[in-house]
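Q: Here is a sequence together with a model predicted from it:
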Amino acid sequence: MTEFKASVVAFEIQKNFASKFFSNKTVAKSLIDDTSGNLLDNLYLLLYVFTKNKKESEKTTRNIIKIAIKLGMLQRGEKFSPQDKSSLIQIQKNLRAVAMTLISFYQVDFTYDRNFVIKYLTELETLLKNLISNHLTDKSVGRVEQIFGVVKTPEFLDSVYVPKKNSEMREIMGKVVSDLNRCLEAGIL
């Protein structure tokens, strides 16, 4: 006889529901705090100015939201093994370090080191893919690859950090930096 577990069924329904439900930016914003929402809005603007493609910018932002929500659901649903929990802690530490590095590079002129940022973003991508590959679909792994395929490119990073390369992106990055600082202060990152 097959064992039925309501919690497993509920989790699967919740996971399926989330992937459909969170594709709507307005709905997703109502489920995340204002600080994170502002960060995601400004990140979207940064991506839009870089790509000049509304659809691609929305896709990247949606993918960030979906992965974050799904990781949160896995954590709240206690689906992570002790090793997974250790990986999640490492991801959080790396994410925090990347955020502080991005802030520092923006605030202190001539400190930007593209290879350093790419190295840390690549490590973060690898950790995330290794963690989610055991719990989510290949489509979710593809979402992580899509996100990092944009944000860790030399062109994107140089447009943000090289003075006078893209003044519009540099201005928006100022807002992203403020949002990152607020997220760090609030313990969100």
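A: Received the coordinates, thanks.
Q: okay, and for the chain, where does confidence drop off?
A: Applying pLDDT under 70 to the chain flags residues 1-31.
Q: spatially speaking, which residue is in the middle of it?
A: Ile64 (4.3 Å; CA atoms, centre = their mean).
Q: you'd agree that one is up against Leu43?
A: Yes. Between Ile64 and Leu43 there is a contact under CB atoms under 8 Å: 7.4 Å. Every residue, glycine included, has its C-beta placed from N, CA and C.
Q: gap between Asn130 and Gln83?
A: 10 Å (CB to CB, to the nearest Å).
Q: Give me the more crowded residue out of those two.
A: Higher neighbour count among Asn130 and Gln83: Asn130, with 13 against 10, using other CB atoms under 10 Å.
Q: show me what contacts the more buried one?
A: Ser87 (CB atoms under 8 Å, 6 or more residues apart in numbering).
Q: Now do the buried residues in the helix or strand where it lies.
A: Element membership for Asn130 (DSSP states H and E) is helix 114-132. Across helix 114-132, burial judged by 16 or more other CB atoms under 10 Å covers Val117, Ile118, Tyr120, Leu121, Leu124, Glu125, Leu127, Leu128, Lys129, Leu131, Ile132.
Q: before we move on, back to that, which one is the residue nearest to the centre of the chain nearest to, not counting chain neighbours?
A: Leaving aside its sequence neighbours, Ile64 sits nearest to Ile147 (CB to CB, 6 or more residues apart in numbering; 5.8 Å).
Q: what angle do the longest helix seen in the chain and helix 114-132 make?
A: When the chain is parsed with DSSP state H, its longest helix is helix 82-107. Here the directions of helix 82-107 and helix 114-132 differ by 160 degrees (axes from the mean of the first three to the mean of the last three CA atoms, to 10 degrees).
Q: Can you tell me which helices and strands helix 82-107 packs against?
A: Secondary-structure packing of helix 82-107 (3 or more CB pairs under 8 Å, 6 or more residues apart in numbering; DSSP states H and E): helix 114-132, helix 154-161, helix 167-186.
Q: okay if I get those as TSV plus distance to Lys52?
A: Below are these laid out as TSV (distance: least, CB to CB, whole Å):
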stretch	distance to Lys52
helix 114-132	22
helix 154-161	12
helix 167-186	11
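Q: Go through those and name the closest to Asp33.
A: The closest of these to Asp33 is helix 167-186. By CB to CB, the value is 7.8 Å.
Q: Since that was my last question, I'll sign off now.
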